[in-house]
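> I need the structure of the sequence given here:
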Amino acid sequence: MTRAPRRLTALITRCVLALGLLLAAAGCGGGPGHGRVTIMIPWSGNEFRAFHTLVRSFEDDTGIQVDVQVTRALTQQLDAAVAAGAPPDLAMLPSVGAIYKYADRDEEKARKLQPLNVPTSTYLEPFRGLAEVRGQVYAVPAKVDVKSLVWFDPTVTERPSPASLRTSGQWCLGLESGPTSGWPGADWIADILLAQGGDAYERWLSGSLSWNSGPLKEAWTTWRNLVGTAAEAAAVRNFGEAAAGMTTEPRTCSLAHGALSAMGFEEGQSYDFTTYSPTRRLEVSADFVGMFTDDNPDAETFIAYLAGTRAQQTWVNQGAGAAFSADGQVTYGTTVQRRIAGMLRPGSGHTLCFGAADAMTPDVSAAFYRAVLDYATDGTKDPTRLLDALDDVQKKLGDSPVPTGKLCTDPT
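Numbering: from 1, shown residues only. From the prediction side, this is the model:
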């Protein structure tokens, strides 16, 4: 066995978390002077392999061992580990809402998100500002994505216009994604609302526009009518498998919606993209890494490494769509990568709005995902009951903790 696969296998098997195994966080934990760091991540497949390349480089350079805790149920597992007083040193936070949740000094928690002393001057907005709470950096955007993209194979499908997307094409639609099943539809519904106008989008997230308002209801029904028969069995169809139907034989669909990293395109496949909205508003997202322990300097060393331009460039270089970076100094190899990255840069003419579900508190996001699954299988196509229920959930759990002014901005 070669060195890379052996280390990959060893890394995965060190700490693979299963939901409820709280002792794993403590059992893998390092401490000051132990030369060991624990980090919890949600990735598998190509995303994990790209991240593992960074881990291997860091371990070789520093001699510090990185124990990776892999869990698809990251929100639940991290909540449980924090409540038990045994969090990992670092964790990839699934949303900006989670940053505000764990940086809240008023909540009673055994461990909280720790402020960071990490330079972020090369990072672009809105990602740089979203990682700050009360003027202090609490997380670093490890990788970013543009969600408002529609994919097609140019060898078999003519480039669609925003107008034609609403009336033609057979959509690849899969909503199954483990504990976060439903997120592809949630992203798409938010993108449709964003295309109507940024004001409604921001008012929705701030709590001044209810779920069962006219603009929201229109976004839900537009999505359901758009995907048509693709909604049948979508709740149990894996997102990646559905997207593969666009580029592999037998072809089962011609259009797919979402970020490049989620598409799973293989080297040599033909693919291109357009944007869903003609308004030049884009839905974006990020995976943020934060620190939960304050007694392990090796954790600070690793997070500083992940935030640096060298590691960010390495991550981007792992293959088309492996990652995009909020670091404005990072360069891109393929034409598709450069076009997407250009949307995130100053002067692009685009307004970047953070993904709605990612800006909500994690529990509200989870309710959003479940409602999408229910709606996809509801033959009535009337979302009123589900939207009323989401209004009740938000009243109980609260609006997005992210300041409204940070949610949408021109890249700077």
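> Could you chop the protein up by domain?
Annotated domains of the chain cover 3-145+285-343, 147-283+352-409 [automatic domain parsing].
> Going by mean pLDDT, which of those comes out lowest?
Comparing mean pLDDT over the domains of the chain, the weakest stretch is domain 3-145+285-343, at a mean of 82.
> which residue packs closest to Phe127, ignoring adjacent ones?
Nearest-residue entry for Phe127: Ala326, 3.8 Å, with adjacent residues in sequence omitted and distances by CB to CB, 6 or more residues apart in numbering. Every residue, glycine included, has its C-beta placed from N, CA and C.
> I should have written Tyr369 there, sorry.
That would be Gly182: by CB to CB, 6+ apart, it lies 3.1 Å from Tyr369.
> where exactly do the strands run in the protein?
Ranges of strands in the chain, per DSSP state E, are 15-16, 36-41, 65-70, 90-93, 132-133, 136-137, 140-146, 149-152, 256-257, 272-275, 281-291, 351-354, 408-409.
> just to revisit the earlier point, a markdown table for the domains of the chain, including mean neighbour count?
Output for these, formatted as a markdown table (neighbours: other CB atoms under 10 Å):
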| stretch | mean neighbour count |
| --- | --- |
| domain 3-145+285-343 | 19 |
| domain 147-283+352-409 | 19 |
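> related to what we said a few turns ago, could you pull up the contacting residues of the residue nearest to Phe127?
When contacts are counted by CB atoms under 8 Å, 6 or more residues apart in numbering, Ala326 touches Tyr123, Leu124, Phe127, Arg128, Pro141, Val144, Ala286, Leu344.
> Can you tell me which of the residues you listed is closest to Ser400?
Ala286 (15.3 Å; CB to CB).
> quick one, what contacts that closest one?
Val96, Phe127, Leu130, Pro141, Ala142, Lys143, Val144, Asp145, Ala326, Phe354, Asp358.
> What segments of the stretch 51-200 of the chain are helices?
74-83, 96-103, 127-130, 183-196, 198-206 (DSSP state H, counting those that start in this stretch).
> With distance to Tyr332 as extra columns, can I get these in a markdown table?
Putting the helices of the stretch 51-200 of the chain into a markdown table (distance: least, CB to CB, whole Å) gives the following:
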| stretch | distance to Tyr332 |
| --- | --- |
| helix 74-83 | 27 |
| helix 96-103 | 24 |
| helix 127-130 | 16 |
| helix 183-196 | 23 |
| helix 198-206 | 27 |
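> wait, which of those is closest to Pro278?
Of the helices of the stretch 51-200 of the chain, nearest to Pro278 by CB to CB is helix 183-196, at 7.4 Å.
> quick one on the thing from earlier: from the contacts of Ala326, which is closest to Asp79?
Set against Asp79, the nearest of the contacts of Ala326 by CB to CB is Ala286 (20.2 Å).
> Bridging across strands, which residues link to that closest one?
Val144 (DSSP bridges).
> Start the count at 31 instead of 1 going forward.
Okay, residue one is now 31; in that scheme the one you just asked about reads as Ala316.
> how close does it get to Tyr362?
17 Å (CB to CB, to the nearest Å).
> And Thr323, by the same measure?
34 Å.
> try Val174
Where Tyr362 is concerned, Val174 sits at a distance of 13 Å (CB to CB).
> Residues that sit against both of those two, list them.
Phe354.
> thinking again about what came up before, over to the residue nearest to Phe157: give its phi and psi.
Backbone torsions of Ala356, given as degrees, to the nearest 10, read phi -80, psi -10.
> Could you do Gly227 as well?
Here Gly227 shows phi and psi, under degrees, to the nearest 10, equal to phi 150, psi 140.
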